[in-house]
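Q: When you get a sec, could you give me coordinates for this:
(one chain, ligands or ions: 2)
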Amino acid sequence: MAESSIHDEEALGKAYDARLMRRLLGYVRPYRRLVLGALAFLFAEGALQLVGPFLTRRVIDVAVPARDLGMVRSAALIYLVALVAQFICSYAETLLTSLLGQRVMRDLRIEIFSHLQRLSIAFFDRNPVGRLITRVTSDVEALNEMFTAGVVAGLGDLFTLLAISIAMLVVDWRLALASFLTIPLVILTSNVFRMRVRESYREIRVRLARINAFLQERISGIRVVQLFGRERSEAARFDGLNHQHLVAHLRSIRVYALYFPVIEVLTSVALASLIVAGASRVEAGTLTVGTVALFLQLVRRFFQPLQDLSEKYNILQGAMASSERIFTLLDTEPDLAQAGALARSDPTTVGLPRAPVRGAADVAQAAEPVVHLPRKNAAGVTIEFENVWFAYDLGHVARSDRTHREPEWVLRDVSFRVTPGETMAIVGHTGAGKTTIVSLLMRFYDPQRGRITMDGVDIRDVPLEELRGAIGYVQQDIFLFAGDVASNIRLSNPLSDGAVAAAATRVGADRVIRRLPQGYAHELGERGGSISVGERQLLSFARAVAADPALLLLDEATSAVDSEIEAEIQRALAELMQGRTTIAIAHRLSTIVSSDEILVLHHGQIAERGTHRDLLARGGLYDRLYRLQVGELAMSGRASA
Ligand SMILES: Nc1ncnc2c1ncn2[C@@H]1O[C@H](COP(=O)(O)OP(=O)(O)OP(=O)(O)O)[C@@H](O)[C@H]1O
Ligand SMILES: [Mg+2]
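A: Numbering: from 1, shown residues only. Ligands and ions are numbered 1, 2, ... in the order given. Modelled structure (predicted):
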């Protein structure tokens, strides 16, 4: 599967696409002064190339016959000045084009990254991380290559070609035509070369991508590799991948190794035909030796850009493919037509499990005027789910339009209400849809049917920032960023050090933090991996309480922590829930038992609801879950005793 997506990456497109080019040039526009500067230097460089050959002719035809040493000297001096000027032009042009490429790259990367951050969670479900990173790295790099080596230098090459051919035609059109004789052959060879090399470049990139994917996966999974003693067999597989890469590389080298000698031969043929055509006329006195010498030099200089242009063409083609992929990503917007806003405006879809299903899980900002949440209630908010249906599998939804099959609902007709200050616990087997409920509340996805309200306002009408600003979320798999403890608690909230410490103290994380070598300034490893699971939980509580949200969403981790930290966590939880509405996906008995209402979720449906006591009295699913849990606790209690 991963391999086919890599192939997708490498689809070859057109070398020139006016629509893409126009859009790309939009990125260059802010830097047109740089482009103009670079072009000016390139043109100057192209013109300066003519100085040497013409000086040669003058020395041979005029200075040498007249034995005029002064003229030779001044010619040498002029040549030297021209060479220095050429050097300066080339230096300045390289600097300017690189600057241009780097600036455009920077702009594009920033744009792609900020766009990525705005995309819906459903988008990230569909797109592997590796592919997205490729957009920001290699695809942008391909464009850089185009801007620095491709477009500007390509224009320079064209200009040089033009300048040299005009010079040749003006000086002696018959000799010029004789030297142009092999050009069709050069173009033909270059075309063949271009296609071969393009093919093998593509293959090299595909193989390299496989090596990278393999390495990335094995290194992040190094624990599994070592635990299962797979070092040797993984090394063998890596060897295979490397070999494929080598074969592909050799193929491109072989193409190059053929191309350059062939061009060399063609250049020599051009020079030979020039000499043959010139010799008889020199004999007849209608042509000077100097002019022949001039042409010999010009022809050499003529073939160089010709050869370069075919390489530029490949760069252009790679860049077009990259820009196509980048623009597709930049154009990915949460799809309004499929948005929940539509499903909601159609009253027949509310609460009725009836086709057609319009919704998609992509989150879109409602096209209608936004509604702001009512003023924050000191005791929290009211949350209501009204006949909510939700499925992740969108491909399936699309198919079901044709086959009239029901999508795989993860939530079916879920309705509940939590009032300010209340705590509601959600329990249920793994995969029952508990995390999905809180994901919908945060609008990581929109439900296909039904609606969710906060203080009576449909959450799809509330600006996302305002909605999420009202919510504190403690994740099931806590994500901390590499960085110090304080900034992980603070996140985007502009809190003073004192406020951070106060939040940590409230949930009892303070003692844990102070045990760390640098306290609040302690640097956490990637994903916060350098501290224990229990410590991570306490930190994430501090993070939630620091934001002081009206609604707390708690997705408790199932992993057990030691009894000392467990006691701290329970204290912290009680503190967290104080004075706000809480929806807790709970595994801790203490959380469940003390909640105002318990929802028992079973295969996406609410199977039972009530207080702990009611539900136990019913002797149903909850009763069984509870007894399982108590049994486990008793067992672990015995084990630790
Ligand atoms: N991003 C996703 N894309 C597709 N399917 C998903 C996605 N996330 C969850 N699911 C599926 O939806 C169902 C409910 O998942 P959910 O994460 O809500 O379960 P849960 O009740 O939180 O389970 P647990 O107790 O193990 O955390 C599962 O069948 C799961 O495979
Ligand atoms: Mg879950």
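
Q: tell me the pLDDT at the closest residue to ligand 2 within the chain?
A: In the chain, no residue comes nearer to ligand 2 than Thr435, which is 3.1 Å away by Cβ to the ion. From N, CA and C alone the C-beta is placed, and that goes for glycine too. Looking at Thr435, its pLDDT is 91.

Q: and it, how many residues sit next to it?
A: Neighbours of Thr435 under the rule other Cβ atoms under 10 Å: 19.

Q: From Leu601, how far off is it?
A: 11 Å (Cβ to Cβ, to the nearest Å).

Q: ok now do Gly37, which residues does it touch?
A: Taking Cβ atoms under 8 Å, 6 or more residues apart in numbering, we find Gly37 in contact with 92, 96.

Q: give me that answer again for 6 Å
A: Contact analysis of Gly37 by Cβ atoms under 6 Å, 6 or more residues apart in numbering lists Leu96.

Q: Figure out the helix or strand that it lives in.
A: Using DSSP states H and E, Gly37 maps to helix 32-48.

Q: ditto for Arg23
A: helix 18-28.

Q: ok but Ser415 is inside a helix, no?
A: No - Ser415: not assigned to a helix; according to DSSP: H, G, I helix; E, B strand; the rest coil it is strand.

Q: Quick check, it in contact with Phe385.
A: Yes - between Ser415 and Phe385 there is a contact under Cβ atoms under 6 Å: 5.4 Å.

Q: The two: which has the busier surroundings?
A: More crowded of Ser415 and Phe385, by other Cβ under 10 Å: Phe385, with 22 against 13.

Q: how many neighbours does His498 have?
A: If you look again at residue 498, you'll see it is Gly, not His. When neighbours are defined as other Cβ under 10 Å, Gly498 has 8 of them.

Q: now the one 4 residues further on
A: Look at Ala502: counted by other Cβ under 10 Å, it has 15 neighbours.

Q: tell me the secondary structure for it?
A: Here Ala502 is recorded as helix under three-state DSSP.

Q: cool, and Val600?
A: strand.

Q: so how far is Thr332 from it?
A: With the distance defined as Cβ to Cβ, Val600 ends up 38 Å from Thr332.

Q: about what we covered before: could you give me the buried positions within the helix holding Gly37?
A: For helix 32-48, a neighbour-count test (16 or more other Cβ atoms under 10 Å) marks 34-35, 37-39, 41-48 as buried.

Q: just stretch 261-278 next, same as before
A: In stretch 261-278, counting by 16+ other Cβ under 10 Å, buried: 263, 266-267, 270-271, 273-274, 277-278.

Q: what does stretch 205-213 give?
A: Buried residues in stretch 205-213, counted by 16+ other Cβ under 10 Å: 205-210, 213.

Q: next one: stretch 135-145
A: Neighbour-count burial for stretch 135-145 [16+ other Cβ under 10 Å]: 135-136, 138-145.

Q: ok, those residues vs Leu287, which is closest?
A: Glu145 (44.0 Å; Cβ to Cβ).

Q: ok so, going back, now the helix holding Gly37 and helix 18-28, what's the angle there?
A: Put simply, helix 32-48 runs at 100 degrees to helix 18-28, going by axes from the mean of the first three to the mean of the last three Cα atoms, to 10 degrees.

Q: Can you name the next helix or strand after helix 32-48?
A: From helix 32-48, the next helix or strand downstream (DSSP H and E) is helix 51-58.

Q: ok, and what's touching that next one?
A: So helix 51-58 is contacted by 75, 79, 82, 290-291, 293-294, 297-298 (Cβ under 6 Å, 6+ apart).

Q: Relative to the whole chain's centre, how far out is that helix?
A: Its chain's C-alpha centre and that of helix 51-58 lie 53 Å apart, by Cα atoms, centre = their mean, to the nearest Å.
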